[in-house]
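Engineer: Give me a 3D structure for the following:
(chains A, B, C, D, E and F)
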Number of protein chains: 6
Amino acid sequence: MWIYEKTLQYPVKITKPDPATAKLIITQLGGPDGELGASMRYLNQRYSMPYREVTGMLTDIGTEELAHLEMIGAIVSQLTKDLTPDEIKKSGFDTYFVDHTAGVYPTAASGFPWSAASIGVKGDPICDLNEDMAAEQKARVTYDNILRLSDDPDVNDVIKYLREREIVHYQRFGEGLRLTLDKLDEKNVYAMNPSFP
Amino acid sequence: MWIYEKTLQYPVKITKPDPATAKLIITQLGGPDGELGASMRYLNQRYSMPYREVTGMLTDIGTEELAHLEMIGAIVSQLTKDLTPDEIKKSGFDTYFVDHTAGVYPTAASGFPWSAASIGVKGDPICDLNEDMAAEQKARVTYDNILRLSDDPDVNDVIKYLREREIVHYQRFGEGLRLTLDKLDEKNVYAMNPSFP
Amino acid sequence: MWIYEKTLQYPVKITKPDPATAKLIITQLGGPDGELGASMRYLNQRYSMPYREVTGMLTDIGTEELAHLEMIGAIVSQLTKDLTPDEIKKSGFDTYFVDHTAGVYPTAASGFPWSAASIGVKGDPICDLNEDMAAEQKARVTYDNILRLSDDPDVNDVIKYLREREIVHYQRFGEGLRLTLDKLDEKNVYAMNPSFP
Amino acid sequence: MWIYEKTLQYPVKITKPDPATAKLIITQLGGPDGELGASMRYLNQRYSMPYREVTGMLTDIGTEELAHLEMIGAIVSQLTKDLTPDEIKKSGFDTYFVDHTAGVYPTAASGFPWSAASIGVKGDPICDLNEDMAAEQKARVTYDNILRLSDDPDVNDVIKYLREREIVHYQRFGEGLRLTLDKLDEKNVYAMNPSFP
Amino acid sequence: MWIYEKTLQYPVKITKPDPATAKLIITQLGGPDGELGASMRYLNQRYSMPYREVTGMLTDIGTEELAHLEMIGAIVSQLTKDLTPDEIKKSGFDTYFVDHTAGVYPTAASGFPWSAASIGVKGDPICDLNEDMAAEQKARVTYDNILRLSDDPDVNDVIKYLREREIVHYQRFGEGLRLTLDKLDEKNVYAMNPSFP
Amino acid sequence: MWIYEKTLQYPVKITKPDPATAKLIITQLGGPDGELGASMRYLNQRYSMPYREVTGMLTDIGTEELAHLEMIGAIVSQLTKDLTPDEIKKSGFDTYFVDHTAGVYPTAASGFPWSAASIGVKGDPICDLNEDMAAEQKARVTYDNILRLSDDPDVNDVIKYLREREIVHYQRFGEGLRLTLDKLDEKNVYAMNPSFP
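Structural biologist: Residues are numbered from 1 along each chain as shown, chains lettered A, B, ... in the order given. Have a look, this model is predicted:
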């Protein structure tokens, strides 16, 4: 279970509303490679992970992704404060606004509601760790792209922090994979899923 | 942000594998009215909720739903330990197993991966609280149905606990709605969304 | 069964094409809280509703929502008559137009095709009526948002009418819920879904 | 707009509950080729259809499909009356029941909630009529398959009636297509969508 | 199986980047009526098609649609080379870019990822050929609309070629349908799906 | 473009119909980690891959996955020949059959139609190769699970072949990733997506 602590993992203080950027950043909440998917992928993979060290890693990182989800929500919310109808329409934020006002809804930048089809839980340690490494790379690229498109330093400071964390997670999952391969019979890396001779 | 505490909110100790029941209970993790949807609905609605008391309520209940999600994962995982191929096929768990082995994946009982299309965040306090009350009722009915179909006392003890929590949440959201209506101009309950005369 | 009457429930006479507004209003046809969802929710909930008065209410309101669906179609169609390529592109209507020309297709403003995942039919009277009350609030907010973003009086006159109807429906479903609670054993409001002691 | 008439287009009187068959027949309500899709396809295509005769045809058939949707709902509802937990589980109806009890929800037999992705509205008369002819064939095959799998004469009598109606609709849309081709410049059947030389 | 030949079916040489047009043309790759859907529809329908001539037709056309898919990918890729952040944002390509950079991802113009819900495989020859004729019309209309919205001759030259191919395919499927009807007992065109008297 | 060769990559000769197994194997055609997804992932990633060797690898493997898709189609088709209604119902194949008869439709074992949401194309070489390695692991696990559940030697012989190919592909993508890292500035592995200092 989780205990809530009333502070963000990293402070979010946006001074200038910018719905055009909000429209893009929401994708790291509810897009294909966003924080909702990350937390749900890791927290649910724990049950079938056989090694205590890796299960702990999944708990830690999955819990941190919940904190990131909260930070992304804060960014989107702060970027869309007190908008005029004109700002909403000119920024292309209108197709989001009409259905969600300035509420924070888990959707991709494209408007596609988050779908669990974008995450994998296969119940196999080697496979799930490969999935997790790919997931971190996909999140990293999305943050790269946000940095390419946003020039608000208040936003980019937070995004750089989040991007950095994904790179750290990628490395940790790499270590988890190595540890898992070592634990499995080295002659048969798919020992848990024997090769069915 | 959240701190993880390595204990379930309520203990889950299933002694007898039962994939047929696991197939149904997974719906309270990734189904239309399950705990993933509940936590994401409440935690994301917080940003546009104008009253501190109600925001706190959303944080509390949203955080508790994360704990429920973890409990449901534990139930499903324990119900599907050490299955034989025959048990998997006879129970109808095979269509799940082929894609997820005994991993815990956020899907409905029907096999439809969780979609954010099943939750609403409208950025309007009266509306979102009505949505939340409906959500709690929908979760309550799903737990009712699980209790109708399962006769394992180890499972049902936990499900009854979870069901009871949904009823408490329904009442709390009812109080949140009353509080919100009181705070808004009583002559115009939609003061935040004026009636555009 | 239904008999078609060749007149709209409320007249729609738009004089000025405006694809940017059409792009938003289509969400009340095929968006998460639009008229397609409303009619399908109510008309299908009828079968498991045990009280004649409430079933009648669902039939009446569900049938009226079909009429609203027709009105929204008329608005979208009239707003997109005789557009030039330039008008289509500048208004952001192009991503809709490329796949549907100026046909009326049930999609959200975001471009997400309508999904039944956005409605609930739980086969429980108390639950379904809570769902319906939430649905009416969600539709009301969407109409609020359209009124915030549109300044065409021809459009807004119709939208205000539709918005008003949702508020009336909300109240009627509230009465339906009270009536249902009264009919059920007052000591056990979930008599139909007993509390499994 | 529509007026409701409190009688089914064709009587539905099922005497024997059969959840296994209900699980299949629901697909003609909310499956890829079911009555919800049919009615929404035709009623929404009307706005961009240039010929009065064809628009009338779409209104007539779309309205009749609403009546079929109601009949399918009645079949499913009657087939699932007063089931015991055991009947629910043995019939495979349990994955539906857990989320919808015995309510009527628009889903395919597979459990995939109805999606507008399964219908086409292209705003082009020749194209939309081809779409409609294909739709009627797809509905006809689904009814064929229900007849192959069900042996309850009460059910099959209604299904045969519905199947027959799809064949009639196929022929009518064929006439609509011929009429449309005749009205368009015969030398350039795509006059409405000129060949962009 | 397929052998790859390193040349496009028809040359694609775009000289001027244009992300606004790329955003629309991607729909013929991953949109509801695009080339991914076309190839998967035809190649998978082959198994249940009873006549050798028609199976061959499905193989030929399905294989050609794979080549079209490759051409559309090339168009989108060439239209999005070396974009500046400003070009990405002004063109509305930003909601795509944030999640896919300038990679080619199978989505509709609306941003809805391709779904097999948009194709039909019914295992019935008459039905599947009607589906295919409708599919070709829907693709034709989409190409019509691209030609209406694009004025780049490099793009339009390729699109006209592709559009022409869809018209040829429509005619071939029409011949396939005639051939199938001739082979079936003429007195009962649904001989494969007898009318269940 | 592709040339069709009228032979399967590896022969499929199933002697005994078995719809229960067909219901599971279809997931390697249209499921989350199946061959449709594999081919579309690799063939579309080619456009943004900067190194000729890796592009060639994506073409080769993507083309081979098309051949696998054809083989899976053949397995499913042969497993569902000449079924009686009773065999269809007892095997749980009925929910598939009612909508697709014995046609081959791209769906998961769960009945969820294939969605591009299950694949990633991020336009970044390091990221896309990590995605591909994860994809091959996910396909490998699915084949493992099929081997666990099926005991037909005719089927398993083909599945083992396909499983073996996924392991080879995993290794090749691993080499592609190493090659890509070598080509990029070693001090900054994300040179294509610089770290935005």
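
Engineer: What segments of chain A are strands?
Structural biologist: Under the criterion DSSP state E, strands of chain A are mapped to A:2-4.

Engineer: what about the residue lying closest to residue A:120 once chain neighbours are set aside, neighbour count?
Structural biologist: Using Cβ to Cβ, 6 or more residues apart in numbering or on different chains and skipping the chain neighbours, the partner closest in space to residue A:120 is residue A:131 (4.6 Å). All C-beta spots, glycine's among them, are computed from the backbone N, C-alpha and C. When neighbours are defined as other Cβ atoms under 10 Å in any protein chain shown, residue A:131 has 26 of them.

Engineer: Check the contact between residue A:131 and residue A:124; I expect there is one.
Structural biologist: No. Using Cβ atoms under 8 Å, residue A:131 is not in contact with residue A:124, being 9.5 Å away.

Engineer: Can you give me the distance of the residue nearest to residue A:120 to residue F:130?
Structural biologist: 10 Å (Cβ to Cβ, to the nearest Å).

Engineer: Enumerate every residue touching residue A:62.
Structural biologist: Neighbouring residues of residue A:62 by Cβ atoms under 8 Å, 6 or more residues apart in numbering or on different chains: A:38, A:39, A:41, A:42, A:43, A:46.

Engineer: longest helix in chain A, by residue count?
Structural biologist: helix A:153-183 (DSSP state H).

Engineer: which ones are touching the most centrally placed residue in chain A?
Structural biologist: In chain A, the centroid-proximal residue (Cα atoms, centre = their mean) is residue A:35; its distance is 2.3 Å. Residue A:35 is in contact with A:28, A:29, A:65, A:66, A:68, A:69, A:72, A:139, counting by Cβ under 8 Å, 6+ apart.

Engineer: Just give the closest residue to it, not the sequence neighbours.
Structural biologist: Nearest-residue entry for residue A:35: residue A:69, 3.9 Å, with adjacent residues in sequence omitted and distances by Cβ to Cβ, 6+ apart.

Engineer: try residue A:68
Structural biologist: Closest to residue A:68 by Cβ to Cβ, 6+ apart is residue A:35, at 4.4 Å.

Engineer: Around the closest residue to residue A:63 other than its chain neighbours, how many other residues sit close by?
Structural biologist: Distances taken as Cβ to Cβ, 6+ apart put residue B:4 closest to residue A:63, at 4.7 Å, once the chain neighbours are dropped. Using other Cβ under 10 Å, residue B:4 has 18 other residues around it.

Engineer: Surely residue B:4 is in contact with residue A:61?
Structural biologist: No. Using Cβ under 8 Å, residue B:4 is not in contact with residue A:61, being 10.8 Å away.

Engineer: what residue ranges in chain A score low on pLDDT?
Structural biologist: In the predicted model, chain A carries pLDDT under 70 at residues A:185-197.

Engineer: And the longest helix of chain A, what's buried?
Structural biologist: A:154-156, A:158-163, A:165-167, A:169-170, A:172-173, A:176-177, A:179-180 (16 or more other Cβ atoms under 10 Å in any protein chain shown).

Engineer: Distance of residue A:107 relative to chain B?
Structural biologist: 7 Å (Cβ to the nearest Cβ, to the nearest Å).

Engineer: If you could redo that for residue A:136, that was the one I meant.
Structural biologist: Distance from residue A:136 to chain B, by Cβ to the nearest Cβ: 19 Å.

Engineer: can you pull the contacts of residue A:141?
Structural biologist: Counting by Cβ under 8 Å, 6+ apart, the residues that residue A:141 touches are A:33, E:101, F:122, F:123, F:124, F:127, F:193.
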